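1. next one to model:
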Amino acid sequence: MSKAFTKESETDTEAAEPEPNDPLPAGFKNYVTPNGLRLLRDELDLLRRVERPKVVEVVAWAAGNGDRSENGDYIYGKKRLREIDRRLRYLLKRIDSAEVVDPARQKSLDRVFFGATVTYVDADGGSEAEESSLRIVGIDEASAGRGAVSWVSPIARALMKAEEGDVVALSTPNGTKRLEVVKIAYEGD
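-> Numbering: from 1, shown residues only. A predicted model of the protein is given here:
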């Protein structure tokens with residue numbers, strides 16, 4: 001039978017495209033910085049107010065052109081709507097479960113906790129070891145390009161509760177690496 005005479009089922013196509021895996025391990029809280037929560041809300045707002053209405057308009061226009069089975073605008077538009085709706089559901093879940101932790105209100109400034117910017121060196125690198133910095137943030141805010149790592153990442157877990165001068169062990173695929181904490185800072189968003 002021709003596809004032109006069959007009704008496209010929304011549930012069939014959505015079932016074929018699974019929800020994204022939740023990067024938050026079971027039993028853990030969804031910690032996020034105030035800026036991270038603001039970014040999630042901004043993305044949600046952009047998708048709701050700008051992206052989705054534009055795509056709905058294109059799909060409505062394409063549907064009015066007749067045969068939908070070979071109409072690229074219609075087919076792509078419907079696929080894009082499913083992607084947007086999936087992302088909207090994901091963002092709503094993440095925002096609802098978010099527990100905001102403001103690094104600027106951290107009481108123990110001499111130890112590494114959520115929101116800390118940590119400067120460290122390779123303890124085995126000798127006197128010419130190069131300093132590296134990273135910021136420990138929520139899962140949704142992590143970005144290696146900006147030096148922000150998730151609080152559940154192996155390096156963040158290794159550094160947690162360390163003080164300046166402490167040497168911590170980081171397990172890597174190439175063996176254990178020793179890192180010395182040089183500086184700990186907490187900045188507000």
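
2. which parts of the top strand by length along the chain are buried?
-> With residue count as the measure and DSSP state E as the assignment, the chain has strand 175-186 as its longest strand. By neighbour count on 16 or more other Cβ atoms under 10 Å, the buried set for strand 175-186 is 177, 179-181, 184, 186. Bear in mind the C-beta positions are built from the backbone N, C-alpha and C, glycine included.

3. nearest to Gly115, of the residues you listed?
-> Checking the buried residues of strand 175-186 against Gly115 with Cβ to Cβ, the nearest one is Tyr186 at 6.0 Å.

4. contacting residues for the closest one?
-> With contacts defined as Cβ atoms under 8 Å, 6 or more residues apart in numbering, the neighbours of Tyr186 are 103-104, 106, 109, 115-117.

5. chain neighbours aside, what residue packs nearest to Leu44?
-> Excluding the flanking residues, the one nearest Leu44 by Cβ to Cβ, 6 or more residues apart in numbering is Leu91, at 4.5 Å.

6. tell me if I'm right that the one you found and Arg48 touch.
-> No. Using Cβ atoms under 8 Å, Leu91 is not in contact with Arg48, being 9.4 Å away.

7. between those two, tell me which one has more neighbours.
-> Leu91 (18 against 13; other Cβ atoms under 10 Å).

8. am I right that the more buried one sits in a strand?
-> No. Assessed with DSSP: H, G, I helix; E, B strand; the rest coil, Leu91 is helix; it does not lie in a strand.

9. quick one: contacts for it?
-> 40, 43-44, 47.

10. show me the residues you listed that map onto helices.
-> Assignment to helices by DSSP state H places the following of the contacts of Leu91 there: 40, 43-44.
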